[in-house]
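fold the following, please.
(2 chains)
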Number of protein chains: 2
Amino acid sequence: MIECSWCNLNEEDRQYLLFDSEYWFVFLADEQDYVGRSILVLKRHCGSIAELTEDEWKELRYLIKHLETCLKITLGADFCNWSCLMNSFFKDSVPNPHVHIHVRPRYRNSLVINGNIYNDNEFGHHYALKKKEQIKEQDRKMVYQTMKSWLNSQI
Amino acid sequence: MIECSWCNLNEEDRQYLLFDSEYWFVFLADEQDYVGRSILVLKRHCGSIAELTEDEWKELRYLIKHLETCLKITLGADFCNWSCLMNSFFKDSVPNPHVHIHVRPRYRNSLVINGNIYNDNEFGHHYALKKKEQIKEQDRKMVYQTMKSWLNSQI
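Numbers count the residues shown, from 1 in each chain, chains lettered A, B, ... in the order given. Predicted coordinates:
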């Protein structure tokens, strides 16, 4: 069985930690194909959302609300796509899945950061699986700081 | 604003109703690109999962567990992809979204129904957005009856 990378986060993995709650971490995703894209990672090793405890599930509801509000207020998202897929783990013959949830904010209008324009060309449709556009590094840092600051000031 | 089709279900829409709980309907999806694919539809008109009430959220946890167990036991699914996207509603200039959640069971091995073989060729990867294979009508009915019977006998 392959060691779980979510259970062995190093300092580099944590550099884009947005929010740290009792049962979950929220990270800004490496992939910023949809600006503000984030991942909620359960702190405990658990294989599926069907196995979450009542307290983990309760806190997840709060975090979805908190993060969706953040993405709407700080970046102007119109709504969010939420998904819990876990596909990659099942490439292994002995899968060792760890619950994590993807959130992709979706934008009807262009998003402008430091003068750079980002468009959600698939708005109203399924997110693209292989979107080529990449965010500028300074814009990623600004998105991270803005979201982190909002998420941690509204508790 | 366009009238909500989930709030105005007719008899034909309900023909594949699998399970009816206090706050949610569970339907076998029209698209059976992943055999057993289902949809959880909130009974109340509500625009995002961030706005679910505590009771709706609590029941959703139970339904996810119930449905995932059903898909594993009755069809042999290895795990499930869960998603709440809501994209289509946002094609309209005045969106009128209604919370619904997709579940796609995923299969490492072939699934055989009435002698017909169904393969999840993307196992370990993101679900295909436009999968061509379609289920045979008699197999759809068998899947529906088997799942419905299991879901309603285990309460």
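
right, and A:V99 touches A:C46 too?
Yes. The pair A:V99 and A:C46 qualifies as a contact (C-beta atoms under 8 Å) at a distance of 5.1 Å. In short, each C-beta sits where N, CA and C put it, glycine included.

mutual contacts of the two, please.
Common contact partners of A:V99 and A:C46 (C-beta atoms under 8 Å, 6 or more residues apart in numbering or on different chains): A:L52.

show me which of those two is the more surrounded one.
A count of neighbours by other C-beta atoms under 10 Å in any protein chain shown puts A:V99 above the other of A:V99 and A:C46, at 23 against 16.

any idea how far A:N87 is from the residue of chain A most remote from its centre?
When distances are taken from the C-alpha mean of chain A, A:S93 lies farthest, 26.9 Å away, according to C-alpha atoms, centre = their mean. A:S93 sits at a distance of 15 Å from A:N87 (criterion: C-beta to C-beta, to the nearest Å).

A:D20: how many residues sit nearby?
A:D20: 12 neighbours (other C-beta under 10 Å).

hmm, I typed the wrong one, I wanted A:N152.
11.

you'd agree it is up against A:V26?
No. A:N152 is beyond contact range of A:V26, at 10.5 Å (criterion: C-beta under 8 Å).

shared neighbours, the two?
In contact with both A:N152 and A:V26: A:F19, using C-beta under 8 Å, 6+ apart.

show me the contacts for A:N119.
A:Y107, A:S110, A:L111.

roughly how far does the closest residue to the last one other than its chain neighbours sit from A:K136?
In other words, A:L111. Nearest in space to A:L111, with sequence neighbours left out and distances taken as C-beta to C-beta, 6 or more residues apart in numbering or on different chains, is A:Y118 at 4.5 Å. Counting by C-beta to C-beta, the gap from A:Y118 to A:K136 is 9 Å.

what about A:H125, distance to A:R140?
In terms of C-beta to C-beta, A:H125 sits 25 Å off from A:R140.
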